[in-house]
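S.K.: Sequence below, structure please.
(chains A and B)
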Amino acid sequence: RKEVEQDPGPFNVPEGATVAFNCTYSNSASQSFFWYRQDCRKEPKLLMSVYSSGNEDGRFTAQLNRASQYISLLIRDSKLSDSATYLCVVNFTGGGNKLTFGTGTQLKVEL
Amino acid sequence: GAVVSQHPSWVICKSGTSVKIECRSLDFQATTMFWYRQFPKQSLMLMATSNEGSKATYEQGVEKDKFLINHASLTLSTLTVTSAHPEDSSFYICSARATGSSNQPQHFGDGTRLSIL
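M.R.: Numbering: from 1, shown residues only, chains lettered A, B, ... in the order given. The predicted structure follows:
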């Protein structure tokens, strides 16, 4: 079983749609969680950190469920510019604070 | 925000050449930097953790004599791919985390696309 699992997609959605991505992680001792965005042939860029209380940044909402070892990202009113691969990233406690990346979920927003 | 600069962004060279990639934290000090590799349609895989003033810690399966890492200052780490071969062609990305913030996100460099002919 992969340490961080994501549905690779692609998710093809019309502009203005709401789309949700899920991610599960295997190590219950995981410490911190992030969503990164990666455009084609570019480096990952931090989108947001994820907390148990949930956090929102504009059209983006992230949630963490520690009991289920599950992370989600919700994008509302999607824009063409949201098209990218979204990476679920986990920092495992005791792992030397190294990040473990999911393979990413590809989103394509269309007119 | 935190800025990490990586250079060069693109390298094409002949098999057997050694290639050096630089990673700099521009507006913060980074005791620890990370080197990743990403093959097409795959996730980023950590190659090694670069520690300022000490030896790098390599992940299982990564040859330390093949991928030389030097972290001589708090703002610069270098990765040298020695005697590169076509199978070393990949997207190499560094990241850095500000000193004293182990739970904070890492900030990534622009990446270096390495193509070995």
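S.K.: Nearest spatial neighbour of residue 14, chain-adjacent residues omitted?
M.R.: You didn't say which chain, so I picked chain A. Excluding its sequence neighbours, the residue lying closest to A:Pro14 (Cβ to Cβ, 6 or more residues apart in numbering or on different chains) is A:Glu110, at 5.8 Å. From N, CA and C alone the C-beta is placed, and that goes for glycine too.
S.K.: that's the wrong chain, I meant chain B
M.R.: Distances taken as Cβ to Cβ, 6+ apart put B:Leu117 closest to B:Lys14, at 5.5 Å, once the chain neighbours are dropped.
S.K.: Tell me how many other residues surround the one you found.
M.R.: Neighbour count for B:Leu117, taken as other Cβ atoms under 10 Å in any protein chain shown: 10.
S.K.: now do B:Asp65
M.R.: 8.
S.K.: where's it, which helix or strand?
M.R.: Assigned by DSSP states H and E, B:Asp65 belongs to neither a helix nor a strand.
S.K.: which SS class is A:Ser81?
M.R.: Under DSSP: H, G, I helix; E, B strand; the rest coil, A:Ser81 falls in the helix class.
S.K.: show me where chain A has strands.
M.R.: Using DSSP state E, the strands of chain A run over residues A:4-6, A:11-14, A:19-25, A:30-38, A:44-50, A:55-57, A:60-65, A:70-75, A:84-92, A:99-101, A:105-110.
S.K.: strand partners of the lowest-mean-pLDDT helix or strand in chain B, parallel vs antiparallel please.
M.R.: When the helices and strands of chain B are compared on mean pLDDT, DSSP states H and E, strand B:107-108 comes out lowest with a mean of 88. Strand B:107-108 has its sheet partners listed here by DSSP bridges as strand B:90-97 (antiparallel).
S.K.: Need the residues that contact the strand it pairs with.
M.R.: With contacts defined as Cβ atoms under 8 Å, 6 or more residues apart in numbering or on different chains, strand B:90-97 is touched by A:41, A:43-44, A:97, A:99, B:2, B:4, B:6, B:21, B:23, B:25, B:28, B:30, B:32-39, B:44, B:77, B:79, B:81, B:104-109, B:111-114.
S.K.: Mind checking which of those residues are buried?
M.R.: A:43-44, A:97, A:99, B:2, B:4, B:6, B:21, B:23, B:25, B:28, B:30, B:32-38, B:44, B:77, B:79, B:81, B:104-109, B:111-114 (16 or more other Cβ atoms under 10 Å in any protein chain shown).
S.K.: Let's see which of those residues end up in strands.
M.R.: Per DSSP E, the subset of those in strands is A:44, A:99, B:4, B:6, B:21, B:23, B:25, B:32-38, B:77, B:79, B:81, B:107-108, B:112-114.
S.K.: Beta-bridge partners for the closest residue to B:Glu59 other than its chain neighbours, please?
M.R.: Once flanking residues are discounted, B:Glu59 sits nearest to B:Leu46: 5.4 Å by Cβ to Cβ, 6+ apart. Applying DSSP bridges to B:Leu46 gives these bridge partners: B:Tyr36.
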